[in-house]
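**Q** Here is my input; please provide its structure:
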Amino acid sequence: MIDPNEIIDLLRVKGKHLFHREGQSLEFKEQFNFAALADYFRDFSAFANNKGGCLIFGVTDAPRTASGLSERSLAAFSKLDPEMISGFILEIFSCNIFWESLILEHEEKHFAVFKVYEAVVKPVIAKKDEGRGQAIRNGDIYYRYGGRTQRIQSAELERIINKHIENAHKDWIRLVKDIGPAGPRNAFILKTDGKPQANGSFVVDGELAKKLKFLKEGHFDEVDGGEALKLVGSLEPVDTLEVEKVVKENLFERYPYSATELANEVRKQLPSVGANLIWDTIKENGLKGSDAYGAYNFRNMKQQDEFEECGKVALGTPSIYSKDALSFLLKILR
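**A** Got it, this is the predicted structure:
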């Protein structure tokens, strides 16, 4: 569900103009126009291919002010059929895009919002030409860069592909960890469509173990009972699986710059650019912690495990940056 307070914060005013600028996860539109749906869908796919974002209607451009929707735009947005929109998206793009909409009243004005979530399967690819002037072109992949939507560039596409490969590797690593104590010769995988043929340790995932029900010896009913696996021998509890840690590539080879070093490299080539603008550009474009451009330099394995499990980054964790990050900043700031 969209949090109205989140949208109200994005409409916050500083002086006469809005405090927030358009960025990687934010786009403003003055009015909603049903005929421009293809343009909005283009932004949908760009947000989904990045980290998600909000499309807010009712904000004028130059100067950026919260003017609110006209009655006509408000009425048009109110008539949107979510099933129809989702149907259009599935027709136009290679996979579904998850989104929500909201009409919000703030300071006696009405605003409309599309909130788009990061795609589970990337990249989201256009399957057909659509919209006025072919706003969406068959085969294109759109991505959100700063405050604009455009065709994806090689670095971001490579990052998405590498993420696929990395996730596949993690799945294999988890599997190897699970069978680690027994060793490959003494462990087997239990499949639902066949019987295990190997002897040795039977490894059960911790979450699955909580769901197991055990029968007392002599109380097994082969007629009325459900499907069961008979284990000959004893079950031995294992509190901790000690497995060999996977050695990661040297982060500093891939991300050679600290934040300060990155800023210094930028200012060598663009002396007129201030440090605050560099930090703002890094933040607005999500370079910190991005696979292609940056990584968190965790101080210990506990911090890294916590980040991988729940996405929590310990306070004060420094970021390091790649050469692609330097190229990207120079391109944007020029």
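
**Q** Please enumerate the helices of the stretch 1-150 of the chain.
**A** Using DSSP state H, counting those that start in this stretch, the helices of the stretch 1-150 of the chain run over 4-10, 37-49, 71-78, 82-92.

**Q** Quick check: which of those is buried the most?
**A** Counting by mean count of other C-beta atoms under 10 Å, helix 37-49 has the highest mean neighbour count of the helices of the stretch 1-150 of the chain, with a mean of 23. Yep, even glycine has a C-beta here, placed from its N, CA and C like the rest.

**Q** Can you read off the pLDDT for the residue lying closest to Glu100 once chain neighbours are set aside?
**A** Leaving aside its sequence neighbours, Glu100 sits nearest to Lys115 (C-beta to C-beta, 6 or more residues apart in numbering; 4.9 Å). At Lys115, the model reports a pLDDT of 96.

**Q** same question, the one 4 residues further on
**A** What the model reports for Ala119 is a pLDDT of 92.

**Q** please begin residue numbering at 16 from this point
**A** Happy to do that; since the first residue is 16 now, the last one works out to Ala134.

**Q** what residues are up against it?
**A** Ala134 makes contacts with 63-64, 110, 112-113, as judged by C-beta atoms under 8 Å, 6 or more residues apart in numbering.

**Q** coming back round to it: using JSON lines, lay out the helices of the stretch 16-165 of the chain together with distance to Tyr308 and mean pLDDT.
**A** Output for the helices of the stretch 16-165 of the chain, formatted as JSON lines (distance: least, C-beta to C-beta, whole Å; pLDDT from 0 to 100):
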{"stretch": "helix 19-25", "distance to Tyr308": "24", "mean pLDDT": "94"}
{"stretch": "helix 52-64", "distance to Tyr308": "15", "mean pLDDT": "96"}
{"stretch": "helix 86-93", "distance to Tyr308": "35", "mean pLDDT": "96"}
{"stretch": "helix 97-107", "distance to Tyr308": "28", "mean pLDDT": "92"}
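
**Q** Could you export these as CSV, including distance to Leu119?
**A** Output for those, formatted as CSV (distance: least, C-beta to C-beta, whole Å):
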stretch, distance to Leu119
helix 19-25, 6
helix 52-64, 17
helix 86-93, 11
helix 97-107, 17
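
**Q** Ok, which of the ones you listed comes nearest Asn279?
**A** The closest of the helices of the stretch 16-165 of the chain to Asn279 is helix 52-64. By C-beta to C-beta, the value is 31.3 Å.

**Q** That closest one to helix 97-107, inter-axis angle?
**A** 80 degrees (axes from the mean of the first three to the mean of the last three C-alpha atoms, to 10 degrees).

**Q** same for helix 52-64, what does it pack against?
**A** strand 68-72, helix 97-107, strand 124-131, strand 157-160, strand 163-166 (3 or more C-beta pairs under 8 Å, 6 or more residues apart in numbering; DSSP states H and E).

**Q** Between these, which one is closest to Pro271.
**A** Once the helices and strands packed on helix 52-64 are compared by C-beta to C-beta, strand 157-160 is nearest, at 23.0 Å.

**Q** Please put the alpha-carbon coordinates of that closest one into CSV.
**A** Output of strand 157-160 as CSV, limited to C-alpha atoms (Å, rounded to 0.1, in the frame of the first residue of the first chain):
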residue,chain,number,x,y,z
TYR,A,157,14.3,1.6,-20.4
TYR,A,158,16.1,2.7,-17.2
ARG,A,159,15.9,5.5,-14.8
TYR,A,160,19.0,7.8,-14.8
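
**Q** what pairs with it, and is each one parallel or antiparallel?
**A** In the sheet, strand 157-160 lines up against strand 163-166 (antiparallel) (DSSP bridges).

**Q** Quick one: mean pLDDT over the partner strand.
**A** Strand 163-166 comes out at a mean pLDDT of 93.

**Q** Quick check: buried residues in that strand?
**A** Using 16 or more other C-beta atoms under 10 Å as the burial criterion, the residues of strand 163-166 that qualify are Thr164.
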